[in-house]
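> I'll drop the sequence and a predicted model, then ask my questions.
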Amino acid sequence: MWDWGFTFSIIPKIINAMWVTITATIIGFIIAAIVGLIWVLGRRSSFKPLALLVSCCIEFIRNTPLLVQLFFLFYVLPEIGVSLSPFVCGVIGLGVHYSTYLSEVYRSGIESVEKGQWEAGIALNFTKLDMWKKIILPQAVAPVIPMFGNYFIVMFKETPLLSAITLVEMMQAAKLIGSSSFRYLEAFTLVGILFLLLSYPASIAVRYAEEKISRKFGKVVA
């Protein structure tokens, strides 16, 4: 039976854990966006050994479970002298894992840039760096913003995995509350409601952005 007094008493703990969840998601996504761009640039390198190495790394990371990668960072690295906090392991694990997916989003955006834009950059004697910064990336990123939003939401909903490495995010907070009080109903229900309240508006915003960008570019790049 639902206990409202107990519910109100655990709300502050759940809210504190919610901020940990949100912070881990944001930092993890920033890492994913940066590393994903590095992956796609490396994969397009004219130096074939580098391109092959990057492709192998991407496939390895993408095709191994995120949970295994988190366990490796948290439990294996200390054996070779590298000890990281649960939060740091969590954001690195999320960021690197999802960077492989964002690299594909970048790739689709880059491939959507018309060949004439590349030729224009060459004709204007742009350096490769200037061509990427001023011509290619601004046109490549805009059409795929909705895909970035989708992966941000997916990453947010994957944060309960961080409880496996003892990070006290929302799921771990609910488990700790349940194990100490033997009342799991209220804690897990609150966590589910918070995930819904945070992810559903974000998904609506992504759909709205997708419609706007689709009208602007005539199609959605995916």
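On my side now, so go ahead.

> Would you mind listing the buried residues in the helix or strand harbouring Pro12?
Taking DSSP states H and E as the definition, one finds Pro12 inside helix 4-43. Across helix 4-43, burial judged by 16 or more other C-beta atoms under 10 Å covers 7, 10, 13-14, 17-18, 20-22, 24-25, 27-29, 31-33, 35-37, 39-40, 42-43. In short, each C-beta sits where N, CA and C put it, glycine included.

> and if you look at stretch 88-108?
Buried-residue list, stretch 88-108, by 16+ other C-beta under 10 Å: 89-108.

> Those residues in helices, which ones?
Within the buried residues of stretch 88-108, residues falling in helices by DSSP state H are 89-108.

> nearest residue to the residue nearest the centre of the chain other than its sequence neighbours?
Nearest to the mean C-alpha position of the chain, counting by C-alpha atoms, centre = their mean, stands Phe29 at 3.9 Å. Nearest residue to Phe29, sequence neighbours excluded (C-beta to C-beta, 6 or more residues apart in numbering): Phe152, at 5.2 Å.

> ok, now which ones touch that neighbour?
The neighbours of Phe152, taking C-beta atoms under 8 Å, 6 or more residues apart in numbering as the test, are Thr25, Phe29, Ala202.

> re earlier: same for the helix holding Pro12, what does it pack against?
Packing partners of helix 4-43 (3 or more C-beta pairs under 8 Å, 6 or more residues apart in numbering; DSSP states H and E): helix 48-62, helix 86-112, helix 145-158, helix 170-181, helix 185-217.

> of all these, which lies closest to Leu129?
helix 86-112 (15.0 Å; C-beta to C-beta).

> ok now the closest one, how far from the chain's centre?
Put simply, helix 86-112 sits 6 Å off its chain's centre (C-alpha atoms, centre = their mean, to the nearest Å).

> what is the mean pLDDT for that helix?
Taken as a whole, helix 86-112 carries a mean pLDDT of 93.

> by how many degrees do that helix and helix 185-217 diverge?
Helix 86-112 runs at 20 degrees relative to helix 185-217, counting by axes from the mean of the first three to the mean of the last three C-alpha atoms, to 10 degrees.

> Against which helices or strands is the helix or strand that helix 86-112 is followed by packed?
The element immediately downstream of helix 86-112 (helix or strand, assigned by DSSP H and E) is helix 115-123. Counting contacts by 3+ C-beta pairs under 8 Å, 6+ apart, helix 115-123 is packed against helix 128-131.

> List the buried residues for the helix it packs on?
Met131.

> So what touches that helix?
Helix 128-131 is contacted from outside by Trp118, Gly121, Ile122, using C-beta under 8 Å, 6+ apart.

> which element follows it toward the C-terminus?
That would be, after helix 128-131 and using DSSP H and E, helix 137-141.

> Next, the buried residues of that next one.
Neighbour counts over helix 137-141 (16+ other C-beta under 10 Å) mark Leu137, Gln139, Ala140, Val141 as buried.

> The second one: what's it in contact with?
Meaning Gln139. Gln139 sits next to Gly109, Ser112, Val113, Gln117 when contact means C-beta under 8 Å, 6+ apart.
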